[in-house]
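Participant: what follows is a predicted protein model with its sequence.
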Amino acid sequence: MDAIQVSFWVVAMLVVLAIAFDFMNGFHDAANSIATVVSTGVLKPQQAVLFAAFFNVVAIFAFHLSVAATIGKGIVEPGVVDQHVVFGALLGAITWNLITWYYGIPSSSSHALIGGIVGAVIAKAGANKLVGAGIAKTVAFIFVSPLLGFLLGGLMMVLVAWVFRRSSPLRIDRWFRRMQLVSAGAYSLGHGGNDAQKTIGIIWMLLIAAGPSYAVAGDKLPPTWVIWSCYLAIGAGTMFGGWRIVKTMGQKITKLKPVGGFCAETGGALTLFIATAMGVPVSTTHTITGAIVGVGSVRNPSAVRWGVAGNIVWAWIFTIPASAFVAAVAYWASLSLF
């Protein structure tokens, strides 16, 4: 088998691995889209995953590829990425996702991927080959997205409480069971729009590194097959669902009623729309967790299980360094594999 054939099969293997990560992203993060709508009883789990998966894929028509551009060109200096870096990044992210899924911890697939890229690049060329501005923006939103979700979810709860202050609890519950379908759809749209683009970005990065026969560095958009593959993969992952994490997100942090679920999803969706428009790869996990805590805090601060929330924050803190470490090891191992 000659070098060109080997190169093709290596690229093909890494594209399949990236699509697998995208599927796992949907599987792992399904809880973000459906936890509130399931825990409030508005939809059954099987209905919820189909509903969320549909909006994950429809997001292809709703957002520009700003996040994909950030991942593909805004994290690492041009010319540093090769097949070994991409392999290390994907393996680091997938490993961390599997660990956190197994223990039911709602960590961030997005930051696992960022951590994987960082770890593999440092292993190859050192930290000076990272783009400081892109890394700083992404790291900043580790804190900004849950705080913004917290703020918007809490404000939505205050606004709804004021508007419906003269309505009976039964009427409010009946009304927001319908409205939660709108908010859950919006959140799933934001989830698909932001998260699918991260995998589009890393495949785009790989194709550019593989040479002009795959993609040209100056191309403004990745190939259409990459875009569709990633959106369909994340939708398929959501359909299979990450039930271990649904329980944590929908029940363990705080108990939600339909009105609370609507406010959390709406606050989270607005945060995702803002971040995606800015091209910032944010964590849907961080965002919805912040929004749920915000809603619970407005209702009653003691209703929030702060110990559970604290454990989730620790998982956030460890995500980037843990996935970076695995990615660095995978990078070094790949040098002798292909």
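Facilitator: Here it is on my side, so go on. Residues are numbered from 1 along each chain as shown.
Participant: for the rest of this, base every contact and every neighbour count on C-alpha atoms.
Facilitator: OK.
Participant: this structure: helices as residue ranges?
Facilitator: 3-39, 45-58, 66-73, 83-102, 109-125, 132-163, 169-210, 224-240, 243-247, 258-278, 284-299, 306-334 (DSSP state H).
Participant: could you tell me the least trusted of the ones you listed?
Facilitator: Looking at the helices of the chain, the lowest mean pLDDT belongs to helix 243-247 (a mean of 52).
Participant: tabulate the helices of the chain (a markdown table), appending mean neighbour count.
Facilitator: Shown next, in a markdown table, are these (neighbours: other CA atoms under 10 Å):
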| stretch | mean neighbour count |
| --- | --- |
| helix 3-39 | 23 |
| helix 45-58 | 22 |
| helix 66-73 | 24 |
| helix 83-102 | 24 |
| helix 109-125 | 27 |
| helix 132-163 | 19 |
| helix 169-210 | 24 |
| helix 224-240 | 22 |
| helix 243-247 | 21 |
| helix 258-278 | 26 |
| helix 284-299 | 27 |
| helix 306-334 | 20 |
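Participant: quick one, what contacts the residue lying closest to residue 262 once chain neighbours are set aside?
Facilitator: Computed as CA to CA, 6 or more residues apart in numbering, the closest residue to residue 262 that is not its neighbour in sequence is residue 180, at 4.7 Å. Taking CA atoms under 8 Å, 6 or more residues apart in numbering, we find residue 180 in contact with 37, 42, 258, 259, 261, 262, 265.
Participant: now residue 111
Facilitator: Residue 111 neighbours (CA under 8 Å, 6+ apart): 282, 283, 319, 320.
Participant: the third one contacts residue 107, correct?
Facilitator: Yes. When contacts are counted by CA atoms under 8 Å, residue 319 is listed as touching residue 107 (7.1 Å).
Participant: could you dump the contacts of residue 111 into TSV and include distance to residue 149?
Facilitator: Shown next, in TSV, are the contacts of residue 111 (distance: CA to CA, whole Å):
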residue	distance to residue 149
282	12
283	11
319	20
320	21
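Participant: between those, which is nearest residue 82?
Facilitator: residue 320 (20.5 Å; CA to CA).
Participant: does that closest one really touch residue 116, like I thought?
Facilitator: Yes. Using CA under 8 Å, residue 320 makes contact with residue 116 at a distance of 7.3 Å.
Participant: quick check: neighbours shared by these two?
Facilitator: Joint contacts of residue 320 and residue 116 (CA under 8 Å, 6+ apart) do not exist.
Participant: pretty sure residue 196 is touching residue 236, no?
Facilitator: No. Counting by CA under 8 Å, residue 236 is not a contact partner of residue 196; they are 11.5 Å apart.
Participant: distance of residue 148 relative to residue 62?
Facilitator: Distance of residue 148 to residue 62, given as CA to CA, to the nearest Å: 22 Å.
Participant: greatest separation within the contacts of residue 180: which pair is it?
Facilitator: 42 and 265 (13.2 Å).
Participant: how about residue 266: what's its closest non-neighbour residue?
Facilitator: Residue 266 sits nearest to residue 183 (CA to CA, 6+ apart), 5.2 Å away.
Participant: cool, and residue 261?
Facilitator: residue 36 is the one closest to residue 261 (CA to CA, 6+ apart), at 5.2 Å.
Participant: quick one: the one you found and residue 44, what's the gap?
Facilitator: From residue 36 to residue 44 the distance is 11 Å (CA to CA).
Participant: cool, residue 98 as well?
Facilitator: 25 Å.
Participant: got it, and residue 129?
Facilitator: 47 Å.
Participant: before we move on, what about residue 297?
Facilitator: For residue 297, the distance to residue 44 - CA to CA - is 26 Å.
Participant: just to revisit the earlier point, from the contacts of residue 180, pick the one nearest residue 210.
Facilitator: When the contacts of residue 180 are compared against residue 210 (criterion: CA to CA), the nearest one is residue 265, at 39.9 Å.
Participant: for that closest one, which non-adjacent residue is spatially closest?
Facilitator: Closest to residue 265 by CA to CA, 6+ apart is residue 183, at 5.4 Å.
Participant: just residue 230 next, same as before
Facilitator: Using CA to CA, 6+ apart, the nearest residue to residue 230 is residue 196, at 5.6 Å.
Participant: now do residue 41
Facilitator: residue 258 (8.0 Å).
Participant: so what's the one you found up against?
Facilitator: Residue 258 neighbours (CA under 8 Å, 6+ apart): 37, 40, 41, 42, 173, 176, 177, 180.
Participant: for residue 145, which non-adjacent residue is spatially closest?
Facilitator: Per CA to CA, 6+ apart, closest to residue 145 is residue 287, 5.2 Å.
Participant: all set, thanks.
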